[in-house]
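1. Predicted model and sequence below, questions to follow.
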Amino acid sequence: MKTKVILTILALSFLSSFAFAQGRYGASSEDSINCVRNLSLYNDYVKQKNYESAHRFWKDAITMCPSSTVNLYIHGVTIMKEMISNTTDQTLREARIDTLLSLYDQRMNLFSNSNFSDLYDRKARDINAYRPEDTKGIREMLVKSIEAGREKTDASTFVFAMQKTIEMYKAEQLSSEEVMNFYTTLSGYAEAQVKANPASEKLQTVQRDINTLFIGSGVASCENLIALFTPRFQANPEDKDLIISIVNLLGNNDCISNDLYIQAVEAYNKIDPSPRTTYALAKMNVGKEDYTKAIELYREAIELTSGKDTISQYLVELASVYFQHLNNTQRAVSCARDAISNDPKNGRAYRLMGLIWAAQKCGSDNVETKSVYWVAVDYFQKAKNADPSLAEEANKSISAYSQHFPTQSDAFMLDLLDGESYTVTCNGMTERTIIRTRK
């Protein structure tokens with residue numbers, strides 16, 4: 001290290017005049033010499049991962065010549081995180097967190113060619129790591145990241161931003177209209193990314209997660225959505241982006257039996273006939289109770305769609321039409337199984353299978369007639385495993401239908417024991433399950 005320092009100092013007579021002329025290495029020739037020295041020393045320690053020793057020279061360098069190199073900020077994040085992790089004094093730790101967070105702002109101020117979207121996102125995640133209670137500050141950085149990156153923003157940022165938006169809404173720090181407007185923006189960017197890369201399962205998952213978070217937030221009531229978008233649609237009935245938002249939001253929230261949805265779907269189909277408009281028309285016909293036409297349109301939408309998770313969603317809805325409105329169990333089961341095949345993480349497909357099994361009536365004794373509930377509970381368990389957002393709903397179903405299990409004495413009379421394998425056959429369906437009884 002000593003030899004390296006000597007060689008560095010010998011080189012400064014040449015470097016300092018150039019550095020000073022450039023203005024990047026300090027305000028004077030002497031500053032330039034000290035800057036280059038500190039840059040060299042801290043960089044050597046960083047290479048050795050000796051961040052404690054690097055910190056002193058790095059701090060001098062960033063104070064003396066902050067615009068000398070972007071590496072001051074790249075390395076600075078690593079150095080400060082290491083210093084924070086080794087700091088027990090709370091006051092000093094908070095000061096070092098402040099320093100860490102300020103590095104992102106300094107970098108953006110001094111290096112205009114930086115990826116601002118990425119830096120705002122990184123800052124948000126560091127605030128979340130060190131000050132997770134600052135939901136407002138985290139969301140502010142995420143919004144700036146999205147504003148800077150728009151449809152090129154890292155897709156995971158969309159989900160994180162939606163989570164923080166809903167947290168602020170539940171804390172009464174954002175209005176329902178602000179949440180809906182933000183969701184509209186996010187879903188538009190996510191849709192653009194999916195269109196640009198339709199084979200990406202990650203992007204499709206992000207899109208589904210954004211929708212799930214929004215739908216589960218309590219903001220997306222039909223009343224709120226219709227009140228928000230009706231005047232907008234009336235003012236701009238040919239605005240394609242607005243029409244798409246209305247169709248998506250109302251359709252995803254089953255708000256399909258109203259004039260706004262019908263008008264928006266019809267306008268959408270005129271502007272851009274596509275699998276999505278076919279799907280929207282299918283939902284509209286369900287609302288109108290024209291199930292024959294709805295089934296035809298669902299199947300057309302499925303044939304025209306390439307994304308497996310979207311196909312799975314359409315299949316679950318088609319299965320529901322067969323089961324709930326036409327009492328066609330065989331078709332319902334076939335569609336639900338196809339939905340699972342296309343997307344094994346589609347918890348609603350498993351939940352529907354559970355409801356179908358729970359509705360079956362078969363058997364000649366107390367065990368056979370109640371064995372369908374074993375299969376139903378199995379599917380409810382699969383539903384919450386596949387999609388944790390369904391856990392509360394699935395647990396209620398598990399609790400309710402477990403009360404209908406056969407009694408231990410009924411099973412004993414047929415020489416059946418808890419935990420043994422059992423095959424249930426009912427109305428053309430067969431499933432392997434496990435015997436469970438009520439004591």
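-> It's in. Residues are numbered from 1 along each chain as shown.
2. C-alpha only now, for contacts and for neighbours.
-> Noted.
3. Now stretch 287-299: buried residues?
-> For stretch 287-299, burial by neighbour count (16 or more other CA atoms under 10 Å) applies to 287, 291, 294, 295, 297, 298, 299.
4. Point out where this protein drops to low pLDDT.
-> Within the chain, the stretches with pLDDT under 70 are 1-23, 26-27.
5. can you map out the strands along it?
-> According to DSSP state E, the chain carries its strands in the segments 421-426, 429-434.
6. The ones you listed into JSON lines, with extra columns for mean neighbour count and distance to residue 357?
-> Formatted as JSON lines, those follow (neighbours: other CA atoms under 10 Å; distance: least, CA to CA, whole Å):
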{"stretch": "strand 421-426", "mean neighbour count": "16", "distance to residue 357": "9"}
{"stretch": "strand 429-434", "mean neighbour count": "14", "distance to residue 357": "9"}
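7. Of those strands, which is nearest residue 86?
-> Between residue 86 and those, the shortest separation by CA to CA is 52.6 Å, and it involves strand 429-434.
8. Now residue 313: closest residue in space that isn't a chain neighbour?
-> By the measure of CA to CA, 6 or more residues apart in numbering, the closest residue to residue 313 outside its immediate chain neighbours is residue 339, 7.0 Å from it.
9. any idea how far the closest residue to residue 101 other than its chain neighbours is from residue 277?
-> Taking CA to CA, 6+ apart, and ignoring the residues beside it in sequence, residue 101 has residue 123 as its nearest neighbour in space, at 6.3 Å. Summarising the geometry, the distance separating residue 123 from residue 277, computed by CA to CA, to the nearest Å, is 39 Å.
10. ok, now residue 394?
-> In terms of CA to CA, residue 394 sits 31 Å off from residue 277.
11. ok, now residue 234?
-> Spatial separation of residue 234 from residue 277 under the definition CA to CA is 20 Å.
12. which ones are touching the residue nearest to residue 313?
-> With contacts defined as CA atoms under 8 Å, 6 or more residues apart in numbering, residue 339 is in contact with 311, 312, 313, 315, 316, 346, 349.
13. what's the distance between it and residue 353?
-> Separation of residue 339 from residue 353 (CA to CA) stands at 11 Å.
14. which of the buried residues of stretch 287-299 lies closest to residue 210?
-> Out of the buried residues of stretch 287-299, the one with the shortest distance to residue 210 is residue 298. That distance is 23.3 Å, counting by CA to CA.
15. Output stretch 431-439 as PDB, nothing but the C-alphas.
-> Output of stretch 431-439 as PDB, limited to C-alpha atoms (Å, rounded to 0.1, in the frame of the first residue of the first chain):
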ATOM      1  CA  GLU A 431     -60.600 -37.900  -7.200                       C
ATOM      2  CA  ARG A 432     -58.200 -39.600  -4.800                       C
ATOM      3  CA  THR A 433     -58.300 -38.100  -1.300                       C
ATOM      4  CA  ILE A 434     -57.700 -38.900   2.400                       C
ATOM      5  CA  ILE A 435     -60.300 -40.000   5.000                       C
ATOM      6  CA  ARG A 436     -61.100 -37.400   7.600                       C
ATOM      7  CA  THR A 437     -63.800 -37.700  10.200                       C
ATOM      8  CA  ARG A 438     -65.600 -35.700  12.900                       C
ATOM      9  CA  LYS A 439     -65.100 -37.000  16.400                       C
END
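16. one step back: any idea which of the contacts of residue 339 has the most stuff around it?
-> residue 349 (31 neighbours; other CA atoms under 10 Å).
17. Test my guess that that residue contacts residue 316.
-> Yes: under the criterion of CA atoms under 8 Å, residue 349 is in contact with residue 316, at a separation of 5.6 Å.
18. what's the burial count for residue 183?
-> Neighbours of residue 183 (other CA under 10 Å): 22.
19. Contacts only, for it.
-> Counting by CA under 8 Å, 6+ apart, residue 183 has contacts 162, 210, 214.
20. Verify the stated contact: the first one with residue 211.
-> This means residue 162. No: because the distance of 9.4 Å does not satisfy CA under 8 Å, residue 162 is recorded as not touching residue 211.
21. Looking at those two, which is more packed in?
-> Counting neighbours by other CA under 10 Å for residue 162 and for residue 211 shows that residue 162 has the greater number, 24 against 21.
22. which one is that one nearest to, not counting chain neighbours?
-> With sequence-adjacent residues excluded and distances taken as CA to CA, 6+ apart, residue 162 is closest to residue 210, at 6.6 Å.
23. repeat for residue 398
-> If the residues on either side of it in the chain are set aside, residue 398 comes closest to residue 377, at 5.4 Å by CA to CA, 6+ apart.
24. Can you give the contact residues for stretch 387-400?
-> For stretch 387-400, with CA under 8 Å, 6+ apart as the criterion, the contacting residues are 345, 346, 347, 348, 351, 377, 380, 381, 383, 384, 385.
25. Provide a list of residues in contact with the third one.
-> Residues in contact with residue 347, defined by CA under 8 Å, 6+ apart, are 382, 383, 384, 385, 386, 387, 390.
26. Could you rerun that using 6 Å?
-> Taking CA atoms under 6 Å, 6 or more residues apart in numbering, we find residue 347 in contact with 383, 386, 387.
27. From residue 329, how far off is it?
-> For residue 347, the distance to residue 329 under the criterion CA to CA works out to 19 Å.
28. what about the helices in the stretch 201-350 of the chain?
-> With helices called from DSSP state H, counting those that start in this stretch, the stretch 201-350 of the chain shows them at 201-215, 222-235, 240-252, 259-271, 275-287, 291-304, 308-320, 329-342, 347-358.
29. the inter-axis angle of the fourth one versus helix 240-252?
-> Just to be clear, that refers to helix 259-271. 130 degrees (axes from the mean of the first three to the mean of the last three CA atoms, to 10 degrees).
30. what's the angle between helix 259-271 and helix 222-235?
-> 50 degrees.
31. Can you mark which positions in helix 259-271 are buried?
-> By 16+ other CA under 10 Å, the buried positions in helix 259-271 come out as 260, 261, 262, 263, 264, 265, 266, 267, 268, 269.
32. Now tabulate the contacts of residue 347 in TSV and tack on distance to residue 205 and neighbour count.
-> Converted to TSV, these look like this (distance: CA to CA, whole Å; neighbours: other CA atoms under 10 Å):
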residue	distance to residue 205	neighbour count
383	17	28
386	13	19
387	12	16
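33. Among those, find me the one that's closest to residue 117.
-> Of all the contacts of residue 347, the one with the least separation from residue 117 (CA to CA) is residue 387, at 30.1 Å.
34. Please report the distance of the closest one from residue 415.
-> Distance from residue 387 to residue 415, by CA to CA: 37 Å.
35. Same check on residue 399?
-> Distance of residue 399 to residue 415, given as CA to CA: 26 Å.
36. more neighbours, the two?
-> Neighbours per residue (other CA under 10 Å) separate residue 399 from residue 415, with residue 399 holding more: 11 against 8.
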